[in-house]
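Novice: Pasted the sequence and its predicted model underneath.
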Amino acid sequence: MATPSQIRLPVVLLGGVNLVRTLGLAGIPAVVAMPDPVLGERACAYLMLRDGSEFTLAAMREFLAGRGVARFKWPERIEIVTMLPLTNVGKIKKTELRRDIEQKLAREQTLAADSPTGPAALANKYGIERT
């Protein structure tokens with residue numbers, strides 16, 4: 001994996017604006033599909049930030065809205081990482097990122113199901129039989 005200091009800052013132009021420099025990114029952003037039970041897939045953006053930079057999904061949406069990017073193209077989630085997995089020739093291994101987001105979503109679903117306010121707990125509390 002490459003660290004931010006090992007990657008040259010790329011030029012990713014969006015409406016004539018360098019997306020990487022404007023957003024305070026330390027490297028190329030990667031967008032991968034993540035599973036969604038309703039739509040099938042949604043977009044998840046993996047970002048490497050410069051030291052001391054902060055970035056939120058709300059900031060991403062505000063930036064994209066200000067540039068006139070259609071809402072269906074906006075990522076539904078961002079993951080901030082220190083390194084992106086790269087191949088021997090320097091391409092981002094998106095299969096590893098897809099696997100990573102699938103595992104995170106599965107863990108989140110398990111935690112939500114086991115929580116005191118999760119579906120199983122509420123069904124037990126109100127005597128609802130789950131099938």
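Specialist: Ah, there it is. Residues are numbered from 1 along each chain as shown.
Novice: can you map out the strands along the protein?
Specialist: Secondary structure of the chain by DSSP state E: the strands cover 13-14, 17-18, 30-36, 40-47, 77-80.
Novice: Rebuild these as CSV, extending it with mean pLDDT, distance to Ala106 and mean neighbour count.
Specialist: Every C-beta, even on glycine, is put in place using the N, C-alpha and C of the backbone. Formatted as CSV, the strands of the chain follow (pLDDT from 0 to 100; distance: least, C-beta to C-beta, whole Å; neighbours: other C-beta atoms under 10 Å):
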stretch, mean pLDDT, distance to Ala106, mean neighbour count
strand 13-14, 50, 32, 12
strand 17-18, 53, 36, 14
strand 30-36, 88, 9, 16
strand 40-47, 88, 14, 17
strand 77-80, 90, 14, 16
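Novice: and those strands as a markdown table, adding distance to Lys93?
Specialist: A markdown table is the format used below for the strands of the chain (distance: least, C-beta to C-beta, whole Å):
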| stretch | distance to Lys93 |
| --- | --- |
| strand 13-14 | 24 |
| strand 17-18 | 25 |
| strand 30-36 | 9 |
| strand 40-47 | 11 |
| strand 77-80 | 14 |
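Novice: and Ala70, what are its phi and psi?
Specialist: phi -60, psi 140 (degrees, to the nearest 10).
Novice: Quick one, grab the pLDDT at it.
Specialist: With respect to pLDDT, Ala70 scores 84.
Novice: How about Lys93?
Specialist: Value listed for Lys93 in the pLDDT field: 93.
Novice: any idea how far the residue lying closest to it once chain neighbours are set aside lies from Pro37?
Specialist: Once flanking residues are discounted, Lys93 sits nearest to Pro85: 4.1 Å by C-beta to C-beta, 6 or more residues apart in numbering. The gap separating Pro85 from Pro37 is 26 Å, by C-beta to C-beta, to the nearest Å.
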